[in-house]
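**Student:** got a sequence here, can you build the structure:
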Amino acid sequence: MNKMISEKLKKRTFIDTVLSCILCFVALGAAIWQFIRFLDHTNMKEYLTNSLCSLLIFAELGLLALILLEIRKTGKPFSKKIIAKLRIMAVILFAGGLIPSCSTIPVDDSQYAMAISFNMQNILIIAAGVIIGIISEVFVYGLSLQEDNDLIA
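**Tutor:** Residues are numbered from 1 along each chain as shown. Sure thing, here's the model as predicted:
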(Lines give C-alpha, C1' and ligand atoms only; values in the text may rest on other atoms or scores of the structure.)
Protein backbone atom coordinates (compact mmCIF):
# COMPACT_ATOMS: atom_id res chain seq x y z
CA MET A 1 0.00 0.00 0.00
CA ASN A 2 1.18 3.49 -0.82
CA LYS A 3 2.95 5.04 2.21
CA MET A 4 1.03 8.31 1.87
CA ILE A 5 -2.33 6.52 1.74
CA SER A 6 -1.34 4.48 4.80
CA GLU A 7 -0.49 7.62 6.80
CA LYS A 8 -3.78 9.27 5.82
CA LEU A 9 -5.63 6.14 6.90
CA LYS A 10 -3.89 6.19 10.28
CA LYS A 11 -4.79 9.86 10.79
CA ARG A 12 -8.44 9.31 9.83
CA THR A 13 -8.85 6.39 12.23
CA PHE A 14 -7.36 8.17 15.27
CA ILE A 15 -10.57 9.96 16.35
CA ASP A 16 -12.66 6.87 15.58
CA THR A 17 -10.37 4.75 17.75
CA VAL A 18 -10.51 7.19 20.66
CA LEU A 19 -14.30 7.55 20.47
CA SER A 20 -14.89 3.81 20.25
CA CYS A 21 -12.65 3.24 23.28
CA ILE A 22 -14.47 5.90 25.31
CA LEU A 23 -17.90 4.57 24.34
CA CYS A 24 -16.72 1.04 25.08
CA PHE A 25 -15.98 1.94 28.68
CA VAL A 26 -19.22 3.93 28.96
CA ALA A 27 -21.11 0.78 27.88
CA LEU A 28 -19.22 -1.25 30.48
CA GLY A 29 -20.15 1.28 33.15
CA ALA A 30 -23.79 1.14 32.05
CA ALA A 31 -23.74 -2.66 32.22
CA ILE A 32 -22.34 -2.62 35.75
CA TRP A 33 -24.81 0.06 36.85
CA GLN A 34 -27.78 -1.88 35.39
CA PHE A 35 -26.61 -5.09 37.07
CA ILE A 36 -26.27 -3.34 40.44
CA ARG A 37 -29.80 -1.97 39.98
CA PHE A 38 -30.97 -5.54 39.27
CA LEU A 39 -29.32 -6.79 42.47
CA ASP A 40 -31.19 -4.09 44.40
CA HIS A 41 -34.51 -4.87 42.67
CA THR A 42 -34.46 -8.54 41.65
CA ASN A 43 -38.10 -8.42 40.58
CA MET A 44 -37.26 -5.86 37.86
CA LYS A 45 -35.98 -8.17 35.10
CA GLU A 46 -35.45 -5.34 32.61
CA TYR A 47 -32.36 -4.30 34.58
CA LEU A 48 -30.87 -7.72 33.86
CA THR A 49 -31.67 -7.61 30.14
CA ASN A 50 -30.41 -4.01 29.92
CA SER A 51 -27.18 -5.10 31.61
CA LEU A 52 -26.78 -7.95 29.15
CA CYS A 53 -27.43 -5.64 26.18
CA SER A 54 -24.90 -3.13 27.55
CA LEU A 55 -22.34 -5.93 27.79
CA LEU A 56 -22.98 -6.81 24.15
CA ILE A 57 -22.50 -3.15 23.20
CA PHE A 58 -19.27 -3.18 25.22
CA ALA A 59 -18.08 -6.24 23.29
CA GLU A 60 -19.03 -4.71 19.92
CA LEU A 61 -17.30 -1.41 20.64
CA GLY A 62 -14.27 -3.21 22.08
CA LEU A 63 -13.90 -5.25 18.91
CA LEU A 64 -14.35 -2.12 16.82
CA ALA A 65 -11.60 -0.39 18.81
CA LEU A 66 -9.33 -3.40 18.29
CA ILE A 67 -10.02 -3.33 14.54
CA LEU A 68 -9.20 0.37 14.37
CA LEU A 69 -6.02 -0.15 16.41
CA GLU A 70 -4.99 -2.94 14.02
CA ILE A 71 -5.54 -0.63 11.05
CA ARG A 72 -3.52 2.13 12.73
CA LYS A 73 -0.73 -0.30 13.58
CA THR A 74 -0.39 -1.95 10.17
CA GLY A 75 -1.80 0.71 7.88
CA LYS A 76 -3.76 -1.99 6.06
CA PRO A 77 -7.52 -2.40 6.42
CA PHE A 78 -7.56 -6.00 5.20
CA SER A 79 -6.09 -8.73 7.39
CA LYS A 80 -7.08 -12.11 8.78
CA LYS A 81 -7.28 -10.64 12.30
CA ILE A 82 -9.73 -7.94 11.20
CA ILE A 83 -11.84 -10.48 9.31
CA ALA A 84 -12.01 -12.71 12.40
CA LYS A 85 -13.04 -9.74 14.58
CA LEU A 86 -15.74 -8.74 12.08
CA ARG A 87 -17.13 -12.27 12.12
CA ILE A 88 -17.18 -12.27 15.93
CA MET A 89 -18.98 -8.92 15.84
CA ALA A 90 -21.57 -10.41 13.48
CA VAL A 91 -22.20 -13.38 15.78
CA ILE A 92 -22.47 -11.13 18.86
CA LEU A 93 -24.97 -8.84 17.13
CA PHE A 94 -26.98 -11.80 15.86
CA ALA A 95 -27.10 -13.29 19.37
CA GLY A 96 -27.93 -9.88 20.84
CA GLY A 97 -30.93 -9.65 18.57
CA LEU A 98 -32.29 -12.82 20.14
CA ILE A 99 -32.50 -11.19 23.58
CA PRO A 100 -36.15 -10.23 24.14
CA SER A 101 -37.18 -6.94 25.69
CA CYS A 102 -38.49 -7.24 29.24
CA SER A 103 -40.61 -4.85 31.23
CA THR A 104 -41.96 -5.21 34.74
CA ILE A 105 -45.41 -3.89 35.47
CA PRO A 106 -46.55 -3.47 39.10
CA VAL A 107 -49.88 -5.20 39.69
CA ASP A 108 -50.18 -4.15 43.32
CA ASP A 109 -47.85 -3.37 46.21
CA SER A 110 -46.29 -6.82 46.38
CA GLN A 111 -46.87 -8.38 42.95
CA TYR A 112 -45.38 -7.64 39.56
CA ALA A 113 -46.17 -8.86 36.08
CA MET A 114 -43.42 -9.28 33.53
CA ALA A 115 -43.95 -8.66 29.83
CA ILE A 116 -41.49 -10.14 27.34
CA SER A 117 -41.56 -8.97 23.73
CA PHE A 118 -39.70 -9.73 20.55
CA ASN A 119 -40.22 -6.86 18.13
CA MET A 120 -38.83 -5.16 15.03
CA GLN A 121 -35.83 -3.81 16.95
CA ASN A 122 -34.71 -7.38 17.48
CA ILE A 123 -35.09 -8.08 13.76
CA LEU A 124 -33.08 -4.92 12.99
CA ILE A 125 -30.25 -6.02 15.30
CA ILE A 126 -30.19 -9.48 13.73
CA ALA A 127 -30.13 -7.89 10.26
CA ALA A 128 -27.20 -5.68 11.32
CA GLY A 129 -25.36 -8.83 12.42
CA VAL A 130 -26.01 -10.44 9.05
CA ILE A 131 -24.81 -7.29 7.25
CA ILE A 132 -21.57 -7.24 9.25
CA GLY A 133 -21.11 -10.93 8.41
CA ILE A 134 -21.49 -10.10 4.72
CA ILE A 135 -19.05 -7.21 5.05
CA SER A 136 -16.54 -9.64 6.56
CA GLU A 137 -16.82 -11.68 3.36
CA VAL A 138 -16.09 -8.53 1.34
CA PHE A 139 -13.00 -8.09 3.52
CA VAL A 140 -11.92 -11.65 2.58
CA TYR A 141 -12.03 -10.58 -1.07
CA GLY A 142 -10.21 -7.33 -0.24
CA LEU A 143 -7.49 -9.31 1.55
CA SER A 144 -7.05 -11.48 -1.53
CA LEU A 145 -6.74 -8.40 -3.75
CA GLN A 146 -4.32 -6.77 -1.28
CA GLU A 147 -2.12 -9.89 -1.23
CA ASP A 148 -2.12 -10.00 -5.04
CA ASN A 149 -1.23 -6.30 -5.17
CA ASP A 150 1.60 -6.79 -2.66
CA LEU A 151 3.05 -9.61 -4.80
CA ILE A 152 3.02 -7.37 -7.87
CA ALA A 153 4.60 -4.37 -6.13
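**Student:** quick check: longest helix of the protein.
**Tutor:** For the chain, the helix with the greatest residue count under DSSP state H is helix 3-40.
**Student:** in that one, which residues are buried?
**Tutor:** With burial defined by 16 or more other CB atoms under 10 Å, the residues of helix 3-40 counted as buried are 6, 9-10, 13, 17, 20-21, 23-24, 27-28, 30-31, 34-35, 38. Where you see a C-beta, it was placed from the backbone N, CA and C, and this is true even at glycine.
**Student:** and which of the residues you listed is nearest residue 86?
**Tutor:** Among these, residue 20 lies closest to residue 86 (CB to CB), at 14.1 Å.
**Student:** roughly how far apart are that closest one and residue 13?
**Tutor:** Distance, residue 20 to residue 13, by CB to CB, to the nearest Å: 10 Å.
**Student:** also residue 150?
**Tutor:** According to CB to CB, residue 150 and residue 13 sit 20 Å apart.
**Student:** what do you get for residue 77?
**Tutor:** Distance, residue 77 to residue 13, by CB to CB: 9 Å.
**Student:** which residues do those two both contact?
**Tutor:** Counting by CB atoms under 8 Å, 6 or more residues apart in numbering, the common neighbours of residue 77 and residue 13 are residue 71.
**Student:** quick check: end-to-end length of stretch 105-123?
**Tutor:** Distance between the two ends of stretch 105-123: 24 Å, counting by CA to CA, to the nearest Å.
**Student:** all strands of this structure, in order?
**Tutor:** Using DSSP state E, the strands of the chain run over 101-106, 112-117.
**Student:** by contact count, what packs against the least confident helix or strand in the chain by mean pLDDT?
**Tutor:** Here the helix or strand of the chain ranked lowest by mean pLDDT, DSSP states H and E is strand 101-106, holding a mean of 75. Under the contact criterion of 3 or more CB pairs under 8 Å, 6 or more residues apart in numbering; DSSP states H and E, strand 101-106 touches helix 45-74, strand 112-117.
**Student:** quick check: which of these is buried the most?
**Tutor:** Most buried of these by mean neighbour count (mean count of other CB atoms under 10 Å) is helix 45-74; its value is a mean of 19.
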